[in-house]
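> From the sequence below, what's the structure:
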Amino acid sequence: HNPHALKSNLGRLKRAQRSLSRKRKGSNRRRKARAQVARLYARVANLRSDALDKTTTMLAHTYADISIEDLNVAGMVGNHRLAQSIQDAAFAEFRRLLTYKTARTGAKLHVIDRWYPSSKTCSNCGTVKAKLPLSERVYHCEECRLVIDRDVNAAINIQVAGSAPETLNARGGSVRQAHPKGGTMRHPAKREPSGGESRVRLGAGLGNEAMQMTSL
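Residues are numbered from 1 along each chain as shown. Next up is the predicted model:
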């Protein structure tokens with residue numbers, strides 16, 4: 001469960017900061033109001049840290065193989081409607097904790113390339129959609145007629161893609177695509193290409209049976 005550390009305390013923070021702004025500078029009341037704001041920010045940080053620490057510890061001790069996506073969080077926060085929720089979830093900290101904890105327990109951490117179209121690919125037949133808006137939460141495949149939750153479909157594809165040996169990243173090494181000399185570095189925000197036969201087949205063929213595997 002995502003505790004939404006910032007969102008759940010945003011009302012209190014707004015009221016505390018509004019109260020602080022009304023206090024006269026240098027007064028004892030302003031000092032107390034500033035301390036109250038600081039305590040609320042500390043509470044947000046502690047809630048987030050506690051949830052991430054417990055979740056990553058559970059994953060590292062429960063599963064022998066874990067697959068995650070390499071996401072460009074800096075690019076994702078460009079969407080102002082989702083920026084606050086993305087930052088509140090602390091994806092980078094989640095990956096950092098998971099990386100060193102899996103190294104401790106001996107679990108294998110697989111990092112899937114950010115250009116792999118996990119959400120757009122049908123986990124049953126491998127067909128890749130040209131477009132898949134974020135508002136569409138159920139995946140409908142026009143080829144094999146598969147109807148499945150969007151996130152479950154992506155999870156199956158990530159699990160299958162994680163079985164490739166080049167995705168192994170137990171020690172936190174980089175698995176990003178190599179760029180040619182003189183080329184321009186791209187900064188994607190989880191963009192998924194619609195073409196490429198090699199990309200299509202990577203997550204194809206296993207369907208819902210892949211969810212029975214023990215890896216995450």
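> same question for stretch 37-57, mean pLDDT?
The predicted model assigns stretch 37-57 a mean pLDDT of 95.
> For it, list every residue counted as buried.
By neighbour count, with 16 or more other CB atoms under 10 Å as the criterion, the buried positions of stretch 37-57 are Val37, Leu40, Val44, Leu47, Arg48, Ala51, Leu52, Thr56. C-beta: built from backbone N, CA, C; applies to glycine.
> How about residues contacting that stretch?
Contacts of stretch 37-57 from elsewhere in the structure, counted by CB atoms under 8 Å, 6 or more residues apart in numbering, are 1-3, 5-6, 8-9, 12-13, 16-17, 20, 88, 90, 93-94, 97-98, 101.
> Mind pulling up the pLDDT for the residue nearest to the spatial centre of the chain?
Averaging the C-alpha coordinates of the chain gives a centre point, and the residue nearest to it by CA atoms, centre = their mean is Phe91 (5.1 Å). The predicted local confidence for Phe91 comes out at a pLDDT of 90.
> give me the number of residues near the residue lying closest to it once chain neighbours are set aside?
Beyond its immediate neighbours in the sequence, the residue positioned closest to Phe91 (CB to CB, 6 or more residues apart in numbering) is Val73, lying 5.1 Å away. Using other CB atoms under 10 Å, the number of residues around Val73 comes to 15.
> Any stretches of this structure with poor pLDDT?
Scanning the chain with the threshold set as pLDDT under 70 gives 169-216.
> which residues does the residue nearest to Phe91 contact?
Neighbouring residues of Val73 by CB under 8 Å, 6+ apart: Ile86, Phe91, Ala92.
> longest helix anywhere in this protein?
Longest helix in the chain, counting residues (DSSP state H): helix 28-62.
> Pull the distance from it to the chain's centre.
In terms of CA atoms, centre = their mean, to the nearest Å, the centre of helix 28-62 is set 20 Å apart from its chain centre.
> how about the strands in this protein?
65-69, 108-112, 138-140, 147-149 (DSSP state E).
> Flag every buried residue along the last one.
Within strand 147-149, the residues that qualify as buried are Ile148, counting by 16+ other CB under 10 Å.
> So what are the sheet partners of that strand and their directions?
For strand 147-149, the paired strands and their directions (DSSP bridges) are strand 138-140 (antiparallel).
> what comes up buried for the strand it pairs with?
For strand 138-140, the buried set under the neighbour-count rule, 16+ other CB under 10 Å, comprises Tyr139.
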